[in-house]
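Undergrad: How does the following fold in three dimensions:
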Amino acid sequence: MSTQSTMSTRSANAGTYQLVKLEIGRARRNKKYLFFTVLYPAALFLMLGGTLDGTTKVQGTELAMPAFYMVAMASFGALTAVLMGNSERIAKEREKGWVRQLRLTALPGHGYVLAKTASAGVLSLPAILVVFAVAAGAKGVRFEAWQWLALTGAIWAGSLVFAALGVAIGYLASGDTVRPITMLFYFGLSILGGLWMPTANFPQWLQNICEYLPTHAYAGLGQAIELGGAPQLKDVAILAVYFVLFTGAAAWLYRKDSLKA
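TA: Predicted coordinates:
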C-alpha cells in the first residue's frame, strides 16, 4: 500500500471517529433522547410488566412475565435509540446540506454510514441498562452474572440491525415524510414482533407471519438467554439476513442520493 493511500485511509478513519463523537455528543445534549430513549422504556416496563406477578408465565414457555417484559422493553428502548433518532436526523441533515458538505471532506460514504450506525449503537446501551436496573430493583428479576452479560451483548448487537434500517429510511424519506414512515416501521415492528405483548396471544396465522419479523427474532435472543440457553440459530439467521438487506438498502440509497447532489 502506498504512502498516499495509507494517509488517505488514516484520514478517513479519523473522520469517521470524529463524526461518531459528534453524534454521541449531540444526542447526550438532547433532552428528548434522554426521555424517550432512556427513561420511556423503563416506564413502560413498570406499566406493562410491573403489575404482573413473578409466578405468571408466558403462554407456552417457562418464562416469567416480568422477565419477558424486561427483555421486550430493553429491546424496545434500543430500537427507539437506533431507529427513531437515526432516520430523522439523516433526513434533516440531507435537507440542510450537511451530508453534501461531508462529501467534500476526506470522509468516504461508507464512513458516514458506519459512523451513523456505530453512534446509534452506542446510544442504545443506556436504554438497555436502565431497564435492567429497574427490573432488578422494582420486580426482583434475578439471573446469573453470565446471563446479564449475555443479555446486554445480545440486545446491543441485535440493535445494529435496526440502526441500518434507520440509515436506509433516512435516505429514503424527506424531512417532511420521515417521521410518519419511521413511526410506521417503529410501532408495526414493535407490536407484531412481540415487544409489547407475547405473540402467543395473536391468531395462529398472524403468529406464523410474526416469526419471520426481525423484532420477533430480536426479542428471541434475550428470551433464550433468560431460559438458560443460547439464542436459536433461526433467530440469529433471520437477523443476519435483515442486516444484509438493510445495510444493502442503505448503501444503495446513499449512492443514489450522491448522484442527486
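
Undergrad: Figure out the helix or strand that the closest residue to residue 178 other than its chain neighbours lives in.
TA: Excluding the flanking residues, the one nearest residue 178 by CB to CB, 6 or more residues apart in numbering is residue 91, at 3.9 Å. In this view, the C-beta of every residue, glycine as well, is placed from N, C-alpha and C. Residue 91 is located in helix 85-96, with elements delineated by DSSP states H and E.

Undergrad: Counting by contacts, list what that helix packs against.
TA: On a contact count with 3 or more CB pairs under 8 Å, 6 or more residues apart in numbering; DSSP states H and E, helix 85-96 meets helix 98-102, helix 109-139, helix 145-172, helix 178-192.

Undergrad: need the least confident one among the ones you listed, by mean pLDDT.
TA: Least confident of the helices and strands packed on helix 85-96, judged by mean pLDDT, is helix 98-102 with a mean of 62.

Undergrad: In space, what's closest to residue 73 - neighbours in sequence excluded?
TA: residue 45 (4.1 Å).

Undergrad: Dump whichever strand or helix holds that neighbour to PDB, restricted to CA.
TA: Assessed by DSSP H and E, residue 45 sits inside helix 40-48. Once non-C-alpha atoms are left out, helix 40-48 reads as follows in PDB (Å, rounded to 0.1, in the frame of the first residue of the first chain):
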ATOM      1  CA  TYR A  40     -39.600   5.900  28.500                       C
ATOM      2  CA  PRO A  41     -38.800   2.100  28.000                       C
ATOM      3  CA  ALA A  42     -38.200   1.700  31.800                       C
ATOM      4  CA  ALA A  43     -41.500   3.500  32.500                       C
ATOM      5  CA  LEU A  44     -43.300   1.200  30.000                       C
ATOM      6  CA  PHE A  45     -41.800  -1.800  31.800                       C
ATOM      7  CA  LEU A  46     -43.300  -0.700  35.000                       C
ATOM      8  CA  MET A  47     -46.700  -0.100  33.300                       C
ATOM      9  CA  LEU A  48     -46.800  -3.400  31.400                       C
END
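
Undergrad: Export only the CA atoms of the helix or strand following that helix, formatted as CSV.
TA: Later in the chain than helix 40-48, the nearest helix or strand by DSSP H and E is helix 65-79. Extracted in CSV, the C-alpha atoms of helix 65-79 (Å, rounded to 0.1, in the frame of the first residue of the first chain):
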residue,chain,number,x,y,z
MET,A,65,-43.8,-12.2,32.7
PRO,A,66,-41.6,-9.7,34.4
ALA,A,67,-38.5,-11.3,32.8
PHE,A,68,-40.3,-11.3,29.4
TYR,A,69,-41.1,-7.6,29.6
MET,A,70,-37.6,-6.8,30.8
VAL,A,71,-36.1,-8.1,27.5
ALA,A,72,-39.0,-6.7,25.5
MET,A,73,-38.7,-3.2,26.9
ALA,A,74,-34.8,-3.3,26.8
SER,A,75,-35.1,-4.3,23.1
PHE,A,76,-37.8,-1.6,22.5
GLY,A,77,-35.5,1.1,24.1
ALA,A,78,-32.6,0.1,21.9
LEU,A,79,-34.9,0.1,18.9
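
Undergrad: same for helix 65-79, what does it pack against?
TA: Where contact means 3+ CB pairs under 8 Å, 6+ apart, helix 65-79 is packed against helix 40-48, helix 109-139, helix 145-172, helix 178-192, helix 214-226.

Undergrad: For residue 86, which of the ones you listed is the nearest?
TA: helix 145-172 (3.0 Å; CB to CB).

Undergrad: Can you get me a residue count around residue 137?
TA: 9 (other CB atoms under 10 Å).

Undergrad: returning to what we had before: among the helices and strands packed on helix 65-79, show me which one is buried the most.
TA: Comparing these by mean neighbour count (mean count of other CB atoms under 10 Å), helix 214-226 ranks first with a mean of 24.

Undergrad: Quick one: list the elements packing against that one.
TA: Under the contact criterion of 3+ CB pairs under 8 Å, 6+ apart, helix 214-226 touches helix 65-79, helix 145-172, helix 178-192, helix 233-260.
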